[in-house]
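Q: I'd like to go over a predicted model; first the sequence, then the structure.
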Amino acid sequence: CNVVVLISGSGSNLQALIDSTASADSPACIRAVISNRADAYGLERAKQAGIATLVLDHKQFDGREAFDAALVEAIDGFDPQLVVLAGFMRILTGGFVRHYAGRLLNIHPSLLPKYKGLHTHQRALEAGDSEHGCSVHFVSEELDGGPLVVQAVVPVQSDDTPDSLAQRVHREEHRIYPLAMHWFAAGRLRLAEQGAMLDNQPL
Ligand code: GRF
């Protein structure tokens, strides 16, 4: 299963995905990593792993539609069955999302539907939540709103700061994102009309 990963930053999730494909029997193969930022450290991680990289700077394009059209062309050049957003900090157009319907995954650092958008760790702390976490979901046209695939719960500690909480959530992200990618690559995970299905059971 050919996978293209989109990043904007450090790429620690990308690293977890790369590491998870190391064994010879991995059903997923990461064909390319595309970043909208030339300074994203994740590009180094990809190069280290011998994966093709590409930078498409959104600032070089005249608007979201033009950027997304170029992005689709670049991605489709690698012929992926799955596109994985791993800290890709651009809002995607409806046209992009529809083009990859059912084969576009995202990870979000909250227990969705709670805390869509940014600053999720701070918001969970401010709300006094006892539990926080992360979610993998199929991407729909609603930001951080698509069908859930898998979540991991992280207990909030009384002395947590946004940073300490983010660190523990990240560790869980690195566990559940490879899991979801492997499910998809092995043909076990799909998007049906009623939501995400694993082994033909609703999630
Ligand atoms: C992660 O927290 C992910 O949930 C969010 O962006 C962050 C990316 O981190 N979508 P990294 O670049 O994978 O380290």
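A: Received the coordinates, thanks.
Q: got the CA positions of the longest helix along the chain in CSV?
A: Longest helix of the chain, by residue count under DSSP state H: helix 162-185. Output of helix 162-185 as CSV, limited to C-alpha atoms (Å, rounded to 0.1, in the frame of the first residue of the first chain):
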residue,chain,number,x,y,z
PRO,A,162,0.6,22.3,28.4
ASP,A,163,4.1,21.0,27.5
SER,A,164,4.2,18.1,29.9
LEU,A,165,0.7,17.0,28.8
ALA,A,166,1.6,17.4,25.1
GLN,A,167,4.6,15.2,25.6
ARG,A,168,2.6,12.3,27.0
VAL,A,169,-0.1,12.8,24.3
HIS,A,170,2.6,12.7,21.7
ARG,A,171,3.8,9.3,22.9
GLU,A,172,0.3,8.0,22.4
GLU,A,173,0.1,9.6,18.9
HIS,A,174,3.2,7.6,18.0
ARG,A,175,1.5,4.4,19.0
ILE,A,176,-1.9,4.9,17.4
TYR,A,177,-1.0,6.5,14.1
PRO,A,178,1.1,3.6,12.9
LEU,A,179,-1.7,1.3,14.1
ALA,A,180,-4.3,3.1,11.9
MET,A,181,-2.0,3.2,8.9
HIS,A,182,-1.3,-0.5,9.2
TRP,A,183,-5.0,-1.3,9.5
PHE,A,184,-5.7,0.7,6.3
ALA,A,185,-2.7,-0.8,4.4
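Q: Where does whichever residue of the chain sits closest to the ligand sit: helix, strand or coil?
A: Of all residues in the chain, the one sitting closest to the ligand is residue 87 (2.6 Å; CB to the nearest ligand atom). In this view, the C-beta of every residue, glycine as well, is placed from N, C-alpha and C. Following DSSP: H, G, I helix; E, B strand; the rest coil, the label given to residue 87 is coil.
Q: Could you find the closest non-adjacent residue to it?
A: Spatial nearest neighbour of residue 87, excluding adjacent residues (CB to CB, 6 or more residues apart in numbering): residue 9 at 4.9 Å.
Q: surely the one you found meets residue 40?
A: Yes. Counting by CB atoms under 8 Å, residue 9 touches residue 40, with 5.5 Å between them.
Q: So which of those two has more stuff around it?
A: For residue 9 versus residue 40, neighbours defined as other CB atoms under 10 Å are more numerous around residue 40 (24 against 17).
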